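In: Output the structure for:
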Amino acid sequence: MPTKKRFGRLLSLFSAEEDKELRHLRELVTQTLDQLGDKHAYVDRCRHWLNETHQAMSERPIDYDRAWPALLEIRHLFCRALPLRDLDRVVLDIQEDLAYLPADRTASQGKLHKISGQLAALSQKGEKAHQLQADGLRLELEHFSHLTANARLGQWYKINLYRKRLRKMGIFMAIELTILTLALMLYPLFSFKHDDVLVLFAVVGFGCLGGFLSALLTPEPLSQGSSAFYIERGLLLLRPTIGAVAGLVMFYLQKAGLVTIGLKEVGPSAYYIGAFGAGFSERFFVKKLAPMLGTHKAKEKSASEKEDEE
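Out: All right, here's what the predicted structure looks like:
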């Protein structure tokens with residue numbers, strides 16, 4: 001158990017600000033529910049989601065994808081439960097989340113400002129005297145709460161996936177770099193019968209390493225739709241494998257003398273440099289490789305045939 005606590009504290013150093021914001025919001029929600037009292041119609045449902053938040057925050061590391069949706073569900077319920085004079089806090093929270101909307105935010109901000117003004121006016125007149133109008137404004141405010149919450153959760157879900165990919169690929173890259181470094185350090189100390197096999201292994205490793213670095217430096221399109229995000233994410237996860245294949249092809253191109261990198265004596269180090277470069281910029285490598293394989297001629301021929309048919 002102590003080990004788990006130390007591990008959790010170590011991870012919290014990298015997300016201290018997010019933890020602080022989450023805890024502060026949880027305390028505000030707890031105080032608001034205490035003010036409403038246990039007899040209110042929506043308090044039991046709010047306390048259910050608050051308990052869900054407690055459980056998510058007790059995990060190490062904190063499960064943000066579980067904690068934030070629970071707190072936002074409480075915000076939706078507050079649109080119905082809070083007195084009109086206290087809804088300005090909900091309006092301000094929703095207004096901050098308007099930044100997550102992909103469409104024009106100016107119109108939404110104007111509508112939200114109008115709802116806020118009408119709620120303030122009804123608060124002075126008395127909600128019971130204008131119950132039907134008040135219920136309509138509460139529903140409109142809850143609609144904005146759901147709209148901005150969905151946009152916010154979608155954005156942060158993609159960001160968290162991006163962070164997880166960086167962490168995992170960074171770990172794999174560090175492991176591979178350690179193995180390659182040890183192999184290159186121990187290689188001169190021993191005499192092997194099959195030197196080409198070891199060089200080939202190192203070439204694949206350097207190509208894979210270049211693919212890892214290229215994927216780490218390229219983010220997914222967070223501002224676009226989910227389909228574009230997941231497609232790009234899958235392609236980025238494939239880059240180490242593509243880099244290894246590109247490095248292997250570059251190795252044999254150098255061995256055959258079809259490609260040179262300007263060195264007088266071609267040795268293992270030249271193969272490693274070529275493999276890493278091919279893995280790091282595999283798209284550039286494929287473009288340069290296409291003329292050698294004659295694929296560009298086939299494409300030009302098929303294009304000319306289509307033009308002739310038309």
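In: pLDDT value on the closest residue to Leu213 other than its chain neighbours, please?
Out: Distances taken as Cβ to Cβ, 6 or more residues apart in numbering put Phe280 closest to Leu213, at 5.8 Å, once the chain neighbours are dropped. (Each C-beta comes from the backbone N, C-alpha and C, glycine too.) On pLDDT, Phe280 comes in at 84.
In: Who are the packing partners of the longest helix seen in the chain?
Out: Longest helix in the chain by number of residues (criterion: DSSP state H): helix 131-186. Packing partners of helix 131-186 (3 or more Cβ pairs under 8 Å, 6 or more residues apart in numbering; DSSP states H and E): helix 64-81, helix 87-97, helix 105-125, helix 195-216, helix 226-255.
In: buried residues in the first one?
Out: When you say that, I think you mean helix 64-81. 64, 67-79, 81 (16 or more other Cβ atoms under 10 Å).
In: between those, which is nearest Ala120?
Out: Lowest distance from Ala120 to the buried residues of helix 64-81 (Cβ to Cβ) belongs to Cys79, with 15.1 Å.
In: How many residues are close by Lys39?
Out: Using other Cβ atoms under 10 Å, the number of residues around Lys39 comes to 6.
In: same thing with Leu209?
Out: For Leu209, using other Cβ under 10 Å, the count is 23.
In: Check the gap between it and Ala202 for me.
Out: Taking Cβ to Cβ, to the nearest Å as the measure, Leu209 and Ala202 are separated by 10 Å.
In: before we move on, what about Cys46?
Out: When Cys46 is compared with Ala202 (using Cβ to Cβ), they lie 60 Å apart.
In: What values do phi and psi take at Ser223?
Out: phi -80, psi -10 (degrees, to the nearest 10).
In: quick one: contacts for it?
Out: Residues near Ser223 by Cβ atoms under 8 Å, 6 or more residues apart in numbering: Pro102.
In: Relative to Ala202, how far out is it?
Out: From Ser223 to Ala202 the distance is 39 Å (Cβ to Cβ).
In: same question, Glu142
Out: Distance from Glu142 to Ala202, by Cβ to Cβ: 61 Å.
In: Name the residue in the two with the higher neighbour count.
Out: When neighbours are counted by other Cβ under 10 Å, Ala202 comes out ahead of the other of Glu142 and Ala202, with 22 against 18.
In: list the contacts for the more buried one?
Out: By Cβ under 8 Å, 6+ apart, the residues touching Ala202 are 180, 183-184, 268, 271-272.
In: what's the answer for Leu25, then?
Out: Leu71.
In: List the buried residues of the helix or strand hosting it.
Out: Using DSSP states H and E, Leu25 sits within helix 16-36. The neighbour-count check on helix 16-36 (16+ other Cβ under 10 Å) flags 19, 22, 25-26, 29, 32-33, 36 as buried.
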